[in-house]
Each structure stands twice: as C-alpha cells, then as structure tokens.
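Asker: Predicted coordinates and the sequence they were generated for:
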Amino acid sequence: MTRNRVKMAYIENETSRKTTFRKRKGGIMKKALELSTLCDVPIAVFVQSEYNSVPEVFPPSRQAMGNMLVKWEKLSLVEKTKKMMNQEQFIQQRITKATESCKKVAKENKELAMKEVMYDCLRGDNGPCNLDEDELRDLGGVIDQYIKGLNRRIQVLMKDHASSSTSVVPDAAAAAAVAMPTAEMGSSSNVKDFDLNQTQSE
C-alpha cells in the first residue's frame, strides 16, 4: 500500500504539527548519526523549537559541536552562502527543473509522433499532403536526422572495408607465393618424369 504524498505546507492543526515535528526531528537525528558513522563526515544539527525549552543538538558532545562551529566561523561569507537558498529560491529551482523536464518530454513525444507519421508515409497509409506546415517541418527534421545517421554509418562501413582490404591483400599474395612455387621454363631435357613404380621399388 503506497503512502499518501505529504503536502508541503504549514500544518494548521497544533496536535498534528507537534506529532509531525517529533517524527521528523527523530528522523533527522537518526540520518545524521548514520551519515556521520558510515561516511565519517563532520555533521552538526541544531534544533530549537517551541516544544522544547532546551535546543537539541548533534553530536551530543559539547567539544565536537564546538570544533565544528569554529571551523564554520572560519569560512568566508561566500563559502557559507554559496549553497544556501531561501524558500522562494528553492521553489523557483523546482519550477525550473519541472519546466525543463516537461519540455524534454514534449520534445520526445513530438519526435515519436513524427516517426509514426514517417512510417505511415512509407507504408502508404498517409501522405504529406494531409499534414500542416508545422507537422511538415517537424517531419523534415526527423527525416534529416535519419539521413545523417545513415550517412555516418555508411562512412564507418566504408572505412572498415578499406582498412580490411589493405590488410588482407598482402597476406593473400604472400600465401599464394608460398603455396604455389614457380618453375623455370626450359627444354624438355631438363624436365624429369615422375615414375611411381620406380619410387615404390626404391
């Protein structure tokens, strides 16, 4: 059973808000301990709320927390704030990412639709005359991509064929020279007949 997605908004009900705070705070402290133990990285968590009079910190050691605060204070203002963002900046970042993702999906869907139109035209089920100007432009772009891909593939095959031809021809010539020795042409007195009976008697 899937859990309902939590709405990122302020919880009006005080009881629910307090319960959520305790659960999420415990989860943050647990994750901080796991990350510090498994990856051996310095982590400092400071939680102060209306529900507790004393702030809760991680690590619980005063000395460890003090060392990390000293390192933090030594950093420049640029290093401290280069990865920080407020709520407005965070929401704007999410909107930008979602917009880019939607554009990417829309582009992929359009390319798939144009591929289907191209296949229909090749099969004769549809014709370019049934397409409007924008669809014809998109279809032309898809066809150009296919043609460029085919040309690149043809060039690769031609290069492979040329390299294989240059490497095979010398080897074949050398093999023919070894397998078929040459004989000098002379008078018939220089040619000795091969007598099988004489060879067997010897």
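Answerer: Cool, the structure landed.

Asker: quick one, what contacts the closest residue to residue 46 other than its chain neighbours?
Answerer: In space, and not counting its chain neighbours, residue 46 is closest to residue 57: 5.3 Å by Cβ to Cβ, 6 or more residues apart in numbering. Every C-beta, even on glycine, is put in place using the N, C-alpha and C of the backbone. For residue 57, the contacting residues are 44-47, 65, by Cβ atoms under 8 Å, 6 or more residues apart in numbering.

Asker: pretty sure residue 56 contacts residue 26?
Answerer: No. In this structure, residue 56 is not within contact of residue 26 by Cβ atoms under 8 Å, at 10.0 Å.

Asker: the more surrounded of these two?
Answerer: residue 56 (15 against 11; other Cβ atoms under 10 Å).

Asker: still on that earlier bit, confirm the residue nearest to residue 46 sits in a strand?
Answerer: Yes. The assignment for residue 57 (DSSP: H, G, I helix; E, B strand; the rest coil) places it in a strand.

Asker: from now on call the first residue 557
Answerer: Sure, I'll start numbering at 557, so the last one becomes residue 613.

Asker: Can you read off the pLDDT for it?
Answerer: Note on residue 613: pLDDT of 87.

Asker: Just give the number of residues close to residue 673.
Answerer: By other Cβ under 10 Å, the burial measure for residue 673, its neighbour count, is 20.

Asker: And what about the residue nearest to it when sequence neighbours are not counted, helix, strand or coil?
Answerer: Distances taken as Cβ to Cβ, 6+ apart put residue 695 closest to residue 673, at 5.8 Å, once the chain neighbours are dropped. Put simply, residue 695 is helix when judged by three-state DSSP.
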